[in-house]
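Undergrad: Sequence and predicted structure below; questions after.
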Protein chains: 2
Amino acid sequence: MYKLPRGMHDFSSENINKRNYIINIIKKNFEYFGFEPIETPAIENLSTLTKKYGEEGEKLIFKILNSGDFIKDNKSLFKENNYKNIISTISNKGLRYDLTIPFVRYVVMHKHKIIFPFKRYQIQPVWRADKPQKGRFREFYQCDADVIGSKYLWQEIELIQLYDEIFTQLNIPILILINHKEIITGLLEICNIDNNYWNNILIALDKWYKIGLEGVKKELLQKGIPNNIIKYIEPFFLFKGTFKEKIEFFSKKLNSSNKVTNGIKDIKFVYNKLQEIGLNNTLELQLNLVRGLNYYTGIVFEVMPKNKNYSIGGGGRYDNLTHIFGLKNISGVGISFGLDRICILMQELKLFKNIIKYYPKILFINFGNSEAIYAYKLIKILRSKNISAELYPKPIKIIKQLKYANKKSIPFIISIGKKEIERNKISIKNMILGKENEYDNIETLIANIN
Amino acid sequence: MYKLPRGMHDFSSENINKRNYIINIIKKNFEYFGFEPIETPAIENLSTLTKKYGEEGEKLIFKILNSGDFIKDNKSLFKENNYKNIISTISNKGLRYDLTIPFVRYVVMHKHKIIFPFKRYQIQPVWRADKPQKGRFREFYQCDADVIGSKYLWQEIELIQLYDEIFTQLNIPILILINHKEIITGLLEICNIDNNYWNNILIALDKWYKIGLEGVKKELLQKGIPNNIIKYIEPFFLFKGTFKEKIEFFSKKLNSSNKVTNGIKDIKFVYNKLQEIGLNNTLELQLNLVRGLNYYTGIVFEVMPKNKNYSIGGGGRYDNLTHIFGLKNISGVGISFGLDRICILMQELKLFKNIIKYYPKILFINFGNSEAIYAYKLIKILRSKNISAELYPKPIKIIKQLKYANKKSIPFIISIGKKEIERNKISIKNMILGKENEYDNIETLIANIN
């Protein structure tokens, strides 16, 4: 009867514990790397959100109705039946669609208080009226780290190390793919491909993992890219080899383009420094990594779990994002973690098995009001020692109280009835091992329980 | 130019650290008391939200526009100019307005999976299109703990202990006010006051702190309550005395009412048990504590900072909340923490002064690419030992790099240039004490920094 809206989900404590396990590792590393948290409100003005996410993205923004009886004040408007005019009159706010645009808005709004280079991280939910599917909801968390105000490639090196470190700590082996906008645009320039085709080519290339080379070629032909051009660029995308071999091949074959030369210089710098510092995971140069190339301007990255063909993180260098809010010449670079996908993946890989906290949690059997007071005095001490403890709320049959403990997987039971109070002993039962121990006082019990 | 919508706020890392300090103490204690977290989505169906918050509350719900061109499909509707009909056609979702209704909806939806009594906590933002004022925003966090499925008064005792413990740990001395719905309704029955007046009386009494006794009396007269009745109930609200004296006075004067007798029995039980267990703060019986008495059914509480007259928390027993979603006979009781007000109060009382973490945070001076590699190898080790460390991104003048560290209050600086690399020493400067120390290797540095 009472349902949730499409694409919305409740989270049980089990879900939350899993998500928090991942978030804590991400957060901790963000902070060790010198990033500091900010948060922006869920509701932004539509003037901030529109014209930022492309035509398709914009349709997915959840719009909020203005307050008050706006129809009374706009009678003539409603007679027009013009959808766009009506919408812009009755709604001027929307829900956060990603963390990048609010971050850029934040930087521009607070620029006088910010110390640049500004390293911020942000972990908050975003909302998109997208078609729900496996691992894609209409409300989901994004985890972003960005540096704004420094053009130096050391930032890219830092961010790759951040990916490497976090996924190592999560026990997920990954491939870190890297590419450069200028290598791609240089290649397209060499081919003399009209600018207007670029977007279509990038869209086709982006589907490589899904539709394969043949699919990409088919789509390129359909979009009007001549066959000889496809033939020319094909070897660059198909070239197999180590990172170094790829770099050599590209720089030899494409040295007529300054852009390619620049791009390769950047990639080489980042690769060489990372080799010296050391990475746990593999870095791969991947020319068909082209997602977001409409607003990225330099190096781009993407993270894929080893032997899987989907992304669990991505990012890149953007030189012009603060431009759109009127602040020029501030370059930024950032990465993002796909929290929901990471969570699903870890579940598949059974990586949560050993991490779900098994902490001492004690249920006191309720024998009635006078024993309850005795119990509560002990419970108070236990809680002050960071041990979760509770009294069953009702003095019902013991078997029923034990059933509750069992269903809730509470590992320890303490039963203190009149007899135990007289004897002045505390006995505790470990429900997992089925073992009972008796102690003289609560302090020795605490010393032995951890 | 780019503004935030009214009542919305950005949070800087300083704000977030303060809020998280409070949240962590609340959360920790919730867990030690046996509560487990749940989360519900920001967006709920309007059918879940409407008719729950009263007429005034309902106006403050942020409504979300349905997707798609709904005007094309509803041309005739828009000609009608009927505000309510139009709204219900173009919007069927709204933003979370509190945590109680979504929690009750959660319990009803997942009842087959839940083990009762169900002790849940929930810490999430809610949104209200309220008039913004000091300490009241349109987006704010609520922190709630509720037990559902147990009528026993031990729950009330637990929740008062939870308040007591959390505010003790936050260093905020408080008064915990307690009242009982049945004492109030019994009193009104004795006076033979028509049911229809009750709500007005409660509303007037609720303003006691703001408008004082004379204000309340004036409002009651305006609402048509006869003077002799005001005279009759006045002494109960004015009675000064200890908790015990109040109980004796009320039970003697009002023993003709079964309701009052029941209410006093509950209050007495809770008070006596808490005396035995022990409380750090004062518990006070306060008859003019009447907020929410339209849906609370038993004991109600409110927390006020000592010597202030505003609330920083409240709650009570509700027997009928799951009713509205079709699930009968499930009693609940819960408390809530006013996070924003607690934060403002702690700032006023300068309670954040000693808690803002001073953790080892190190900036490495950037001398150029070859020294950077040397630095990064050390930075990697530091981070793996939970120390936040970063290299300044650009090899600019040292004085400028030091300025950055100073502005960002980074406490430690390591400068490793060519000379230091040759000498194979690491020297670190404590910017707060102005002291420099030299170490043979990074491990001894780490051992001495904490």
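TA: Arrived safely.

Undergrad: care to break chain A down by domain?
TA: Domain ranges of chain A: A:13-61+A:97-348, A:362-449, per automatic domain parsing.

Undergrad: how about these in TSV, adding mean neighbour count and distance to B:Gln133?
TA: All C-beta spots, glycine's among them, are computed from the backbone N, C-alpha and C. Listed next are the domains of chain A as TSV, based on neighbours: other CB atoms under 10 Å in any protein chain shown; distance: least, CB to CB, whole Å:
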stretch	mean neighbour count	distance to B:Gln133
domain A:13-61+A:97-348	18	17
domain A:362-449	16	37
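
Undergrad: can you tell which of those domains is closest to B:Gln124?
TA: domain A:13-61+A:97-348 (9.5 Å; CB to CB).

Undergrad: ok, back up a step: output the domains of chain A in JSON lines, with distance to B:Leu170 and mean pLDDT appended to each entry.
TA: Formatted as JSON lines, those follow (distance: least, CB to CB, whole Å; pLDDT from 0 to 100):
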{"stretch": "domain A:13-61+A:97-348", "distance to B:Leu170": "21", "mean pLDDT": "92"}
{"stretch": "domain A:362-449", "distance to B:Leu170": "15", "mean pLDDT": "93"}
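
Undergrad: So which residues of the stretch 251-400 of chain A form strands?
TA: Remark: strands assigned in the stretch 251-400 of chain A by DSSP state E, counting those that start in this stretch are A:282-285, A:299-305, A:313-318, A:332-337, A:361-364, A:388-391.

Undergrad: Same list, these, but as TSV with distance to B:Gly332 please.
TA: Listed next are those as TSV, based on distance: least, CB to CB, whole Å:
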stretch	distance to B:Gly332
strand A:282-285	53
strand A:299-305	43
strand A:313-318	41
strand A:332-337	37
strand A:361-364	20
strand A:388-391	17
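
Undergrad: To B:Lys273, which of those strands lies closest?
TA: Nearest of the strands of the stretch 251-400 of chain A (CB to CB): strand A:388-391, 11.3 Å.

Undergrad: Enumerate the residues of the stretch 251-400 of chain A near chain B.
TA: A:273, A:276-278, A:325-326, A:361, A:366, A:369, A:372-373, A:376-377, A:380, A:382-383, A:386-391, A:393-394 (CB under 8 Å from any CB of the partner chain).

Undergrad: List the contacts of the residue in the stretch 351-450 of chain A positioned nearest to chain B.
TA: Residue nearest to chain B within the stretch 351-450 of chain A: A:Glu390 (3.6 Å; CB to the nearest CB). By CB atoms under 8 Å, 6 or more residues apart in numbering or on different chains, A:Glu390 lies in contact with A:362-364, A:379, B:33-34, B:119, B:158.

Undergrad: Which residues are in contact with the residue of chain A most remote from its centre?
TA: When distances are taken from the C-alpha mean of chain A, A:Glu422 lies farthest, 55.9 Å away, according to CA atoms, centre = their mean. For A:Glu422, the contact set (CB under 8 Å, 6+ apart) is empty.

Undergrad: how distant is the host helix or strand of A:Tyr106 from the center of its chain?
TA: If you go by DSSP states H and E, A:Tyr106 is part of helix A:100-109. Taking CA atoms, centre = their mean, to the nearest Å, one finds the center of helix A:100-109 at 18 Å from the center of the full chain.

Undergrad: ok, and what's touching the helix or strand just after it?
TA: Sequence-wise, the next helix or strand downstream of helix A:100-109 (DSSP H and E) is strand A:118-127. Contacts to strand A:118-127, defined as CB under 8 Å, 6+ apart, come from residues A:23, A:26-27, A:30-31, A:33-40, A:42, A:62, A:95-99, A:103, A:106-107, A:138-149, B:13, B:42-43, B:390.

Undergrad: Cross-reference the residues you listed with the helices and report the matches.
TA: Among the contacts of strand A:118-127, DSSP state H puts A:23, A:26-27, A:30-31, A:103, A:106-107, B:13 in helices.

Undergrad: re earlier: is the residue of the stretch 351-450 of chain A closest to chain B in a bridge, and if so with what?
TA: Bridge pairing for A:Glu390 (DSSP bridges) gives the partners A:Leu363.

Undergrad: ok so, going back, would you mind saying which of the domains of chain A lies nearest B:Lys268?
TA: domain A:362-449 (12.6 Å).

Undergrad: Now do the helices in the stretch 251-400 of chain A.
TA: Using DSSP state H, counting those that start in this stretch, the helices of the stretch 251-400 of chain A run over A:258-277, A:339-348, A:369-384, A:398-407.

Undergrad: The first one vs helix B:369-384, what angle?
TA: Taking axes from the mean of the first three to the mean of the last three CA atoms, to 10 degrees, one finds helix A:258-277 and helix B:369-384 inclined to each other by 50 degrees.

Undergrad: what's in contact with helix A:258-277?
TA: Contact with helix A:258-277 is made by A:153-154, A:156-157, A:160-161, A:178, A:180-183, A:185-187, A:189-190, A:243, A:247, A:250-251, A:254-255, A:283, A:285, A:298-299, B:369, B:372-373, B:376-377, B:380, as judged by CB under 8 Å, 6+ apart.

Undergrad: what about that helix, distance to the chain center?
TA: How far helix A:258-277 lies from its chain's middle: 27 Å, per CA atoms, centre = their mean.

Undergrad: between it and strand A:313-318, how big is the angle?
TA: Using the same axes, to 10 degrees: helix A:258-277 against strand A:313-318 is 130 degrees.

Undergrad: for the third one, same thing?
TA: Between the axes of helix A:369-384 and strand A:313-318, defined by the same axes, to 10 degrees, the angle is 40 degrees.

Undergrad: Show me what helix A:369-384 is packed against.
TA: strand A:361-364, strand A:388-391, helix A:418-423, helix A:442-449, helix B:13-32, helix B:154-169, helix B:258-277 (3 or more CB pairs under 8 Å, 6 or more residues apart in numbering or on different chains; DSSP states H and E).

Undergrad: and if we set it to 6 Å?
TA: strand A:388-391 (3 or more CB pairs under 6 Å, 6 or more residues apart in numbering or on different chains; DSSP states H and E).

Undergrad: Could you give the separation of the strand it packs on from the chain centroid?
TA: Averaging C-alpha positions (CA atoms, centre = their mean) puts strand A:388-391 34 Å from its chain's average.

Undergrad: rewinding a little: the residue of the stretch 351-450 of chain A closest to chain B and B:Ile277, how far apart?
TA: Using CB to CB, to the nearest Å, we find A:Glu390 at a distance of 14 Å from B:Ile277.

Undergrad: Kindly report the same for A:Gly94.
TA: Applying CB to CB, the value for A:Gly94 to B:Ile277 is 50 Å.

Undergrad: Excluding chain neighbours, what is closest to A:Leu221?
TA: Excluding the flanking residues, the one nearest A:Leu221 by CB to CB, 6 or more residues apart in numbering or on different chains is A:Asn227, at 6.8 Å.

Undergrad: Need phi/psi at the one you found.
TA: Torsion angles at A:Asn227 (phi, psi; degrees, to the nearest 10) stand at phi -60, psi -40.

Undergrad: Get me the contact residues on the stretch 51-200 of chain A for chain B.
TA: Residues of the stretch 51-200 of chain A found near chain B (CB under 6 Å from any CB of the partner chain) are A:62-65, A:67, A:69, A:71, A:78, A:81, A:83, A:91, A:93, A:105-106, A:109, A:115, A:117, A:129, A:139, A:150, A:152, A:154-155.

Undergrad: returning to what we had before: list just the nearest of the contacts of A:Glu390 to A:Lys210.
TA: Nearest to A:Lys210, judged by CB to CB, of those is B:Lys119 at 45.6 Å.
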